[in-house]
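[1] Here's a sequence, model it:
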Amino acid sequence: MSENRKNVLIVEDEPEQQIILRRFFGVLDYAVVGVANSPGQLQSLFDAKPEIVVDIATIDAYVPNDGDGYRAAAIVRSKFPKASIIAISGEESGHGDVYLPKPYTIAQLRCSLENVRSR
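    Numbering: from 1, shown residues only. From the prediction side, this is the model:
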């Protein structure tokens, strides 16, 4: 693990998408510091592990459990103002630095990552 390893947070309610994102970032030597399926679970994660640092977050715009991706993005932005957000959704956009529509390909995910890293 290199000193410059980046930390990624995944907010996604679909288990299959969580797996895809974990594997994608793992192959690129990113540390997945947390996975949440709702804004409430995200806040609980931060409360339980205050040492977490987030460089990049992928956030599903629609998480049905207890809120939406906008709320999750606001939580991430309030705790990590410099973190880049990739908003992923099949229906809407607007709360991230980069929007990635579902369904997406790995090439599109890589392009979204390159876009946020260049900011």
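
[2] and the residue nearest the centre of the chain, helix, strand or coil?
    Nearest residue to the geometric centre of the chain (CA atoms, centre = their mean): residue 58, 1.9 Å. Look at residue 58: counting by DSSP: H, G, I helix; E, B strand; the rest coil, its state is strand.

[3] Now for it: which residues touch it?
    8, 9, 10, 11, 12, 21, 85, 86, 88 (CB atoms under 8 Å, 6 or more residues apart in numbering). Bear in mind the C-beta positions are built from the backbone N, C-alpha and C, glycine included.

[4] Low-confidence ranges, this protein, go.
    Across the chain, the ranges flagged by pLDDT under 70 are 1-3, 64-67, 92-94.

[5] how near is residue 80 to residue 42?
    For residue 80, the distance to residue 42 equals 12 Å [CB to CB, to the nearest Å].

[6] and if you look at residue 10?
    Distance of residue 10 to residue 42, computed by CB to CB: 10 Å.

[7] next one: residue 49
    Counting by CB to CB, the gap from residue 49 to residue 42 is 11 Å.

[8] do residue 74 as well
    Residue 74 is 10 Å from residue 42, where distance means CB to CB.

[9] Who has more neighbours out of residue 49 and residue 42?
    Here residue 49 and residue 42 are compared on neighbour count by other CB atoms under 10 Å; more neighbours surround residue 42, at 27 against 10.

[10] so what's that one up against?
    9, 11, 34, 36, 72, 75, 76.

[11] That one belongs to a helix?
    Yes. Using three-state DSSP, the assignment for residue 42 is a helix.

[12] Just list whatever residues bridge to the nearest residue to it once chain neighbours are set aside.
    Once flanking residues are discounted, residue 42 sits nearest to residue 36: 4.0 Å by CB to CB, 6 or more residues apart in numbering. Counting by DSSP bridges, residue 36 is bridged to residue 11.

[13] Please tell me how far residue 36 sits from residue 45.
    Look at residue 36 and residue 45: by CB to CB, they are 6 Å apart.

[14] When these two are compared, which one has more neighbours?
    Neighbours around residue 36 and residue 45, counted as other CB under 10 Å, are more numerous at residue 36. The numbers are 24 against 17.
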